[in-house]
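J.: quick check, what structure comes out for this input:
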Amino acid sequence: MSDDLQVLADDCAGEARTFLSTMTEVASGSEPAAAMPMTLLALSQVLLMGSRLGAIEDVVPEERFEADPGPDVDVDPLRSALANLFEGLDDYAYVVDPLVDVEVARSALSEDVAEIASALSHGLRHYEAGRASEALWWWQFSYLSTWGDAGARSLRAMVSLLAHIRLDADEESVSEAEFDALHP
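T.: This is a model prediction of the structure:
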């Protein structure tokens, strides 16, 4: 594997660890006021990682088969904790494939984050076993086939959610705030 790909693998492993750590902390519920901003940042950062993988030529692993990295990480506790934390805000609608059709489907932030966490964990197991090219191949393939879409649509939902929270206000509250600002 080239030095450039090794550097990319090292960077991606760090980004994967950061995403998993951040989302585990968010799911713990220890800082509920920071849950949405931290989720927004974590999704944005991991999508940058995926974009780097999507922008390069296809990675071909050294072996022509995927070595078994062992049992998949159980992401159900993460999914459940996030669903609980984002209760009432978790579900959203999205366009399935805007290039093909305008079919609308439903998803949940907790489901999307768990899907991303599962894919990143799978790649990390390859990376930690010394199979950096396999990890890159897995992260690139799964970004293009699953978690990139899940991340992009959940990021869009998170931005929309934050916009509603911060910008939607009743007229009376806005008027009172304007009056208070003009008459100290």
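
J.: what's the local residue count around residue 57?
T.: Here the count is done by other C-beta atoms under 10 Å, and residue 57 has 6 residues near it. Placement of C-beta: from N, CA and C, glycine included.

J.: same question, residue 171
T.: For residue 171, the neighbour count with other C-beta under 10 Å is 7.

J.: how near is it to residue 39?
T.: Residue 171 is 30 Å from residue 39, where distance means C-beta to C-beta, to the nearest Å.

J.: same check, this time on residue 76
T.: In terms of C-beta to C-beta, residue 76 sits 18 Å off from residue 39.

J.: between those two, which one's more packed in?
T.: Shown here are residue 76 and residue 39; by other C-beta under 10 Å, residue 39 has more neighbours (24 against 10).

J.: how near is the more buried one to residue 172?
T.: Counting by C-beta to C-beta, the gap from residue 39 to residue 172 is 31 Å.

J.: and for residue 135?
T.: Note on residue 135: its distance to residue 172, by C-beta to C-beta, is 55 Å.

J.: these two: who's more crowded?
T.: Ranked by neighbour count (other C-beta under 10 Å), residue 135 and residue 172 place residue 135 first, with 27 against 8.
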